[in-house]
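> below are the sequence and a predicted model; questions follow.
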Amino acid sequence: MSIETTLYATLANNATVAALVSTRIYPVPAPEQTAFPYLTYFNVAGSRISTLPGVGDGVRKRIQINCNAETYAGSKALGSAVIGALEGNGYLDLEFDLYDPTTQVFTLVIDWSFMD
């Protein structure tokens with residue numbers, strides 16, 4: 001199973017995340033007119049980690065997860081739920097806030113690294 005498939009399943013099956021977004025979890029881009037709040041995700045970077053001959057090489061993928069909401073507090077609450085759902089599975093690389101004045105969407109961006 002791919003990291004993206006596992007990520008979707010982990011988030012969709014987490015009670016706190018599902019209570020906020022239901023099944024509105026999409027690889028970028030989200031469908032037009034998607035109700036708020038919702039999540040989008042995509043692969044930012046990946047690298048193969050070489051090991052000794054005869055040992056399977058690992059793969060590290062950094063996935064960006066965008067927590068989109070109509071309010072700043074909503075994006076932060078969704079981000080907190082996502083981080084809670086992912087704890088123990090990889091690690092947080094980066095977290096920052098965005099606001100798009102044209103669409104009036106608040107986004108908490110989470111970059112999370114996974115090993116496969």
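Yep, that arrived. These numbers come from a predicted model, not from an experiment.

> how far does the lowest-mean-pLDDT helix or strand in the chain sit from the chain's center?
Within the chain, confidence by mean pLDDT, DSSP states H and E is lowest for strand 38-49 among all helices and strands, at a mean of 86. Centroid separation between strand 38-49 and its chain, computed with CA atoms, centre = their mean, to the nearest Å, is 8 Å.

> same check, this time on stretch 71-89
With CA atoms, centre = their mean as the basis, stretch 71-89 stands 9 Å off its chain's centre.

> list the contacts of that stretch.
Residues from elsewhere that reach stretch 71-89 (CB atoms under 8 Å, 6 or more residues apart in numbering): 10-11, 14, 16-17, 20-21, 36-37, 39, 65, 67-69, 92, 95, 97, 99, 106-108, 110, 112, 114. Heads up, the C-betas are built off the backbone N, CA and C, glycines and all.

> Glu95 bridge partners, please.
Ile110 (DSSP bridges).

> what's around it, how many residues?
14 (other CB atoms under 10 Å).

> I'd say it and Trp112 touch.
No - assessed by CB atoms under 8 Å, Glu95 is found out of contact with Trp112, at 9.3 Å.

> returning to that earlier point: note down every partner strand of the least confident helix or strand of the chain and its orientation.
When pairs are called by DSSP bridges, strand 38-49 turns out to pair with strand 25-27 (parallel), strand 58-69 (antiparallel).

> flag every buried residue along it.
Tyr38, Leu39, Thr40, Tyr41 (16 or more other CB atoms under 10 Å).

> what's the angle between the lengthiest helix in the chain and strand 38-49?
Ordering each helix of the chain by length in residues (DSSP state H) puts helix 72-86 first. Using axes from the mean of the first three to the mean of the last three CA atoms, to 10 degrees, the direction of helix 72-86 lies 40 degrees away from that of strand 38-49.

> give the buried residues for helix 72-86.
Gly74, Ser75, Ala77, Leu78, Gly79, Ala81, Val82, Ile83, Ala85, Leu86.

> relative to Ala45, which of the residues you listed is nearest.
Ala45 has its nearest neighbour among those in Leu86, at 17.2 Å by CB to CB.

> next one, pLDDT for that closest one please.
At Leu86, the model reports a pLDDT of 97.
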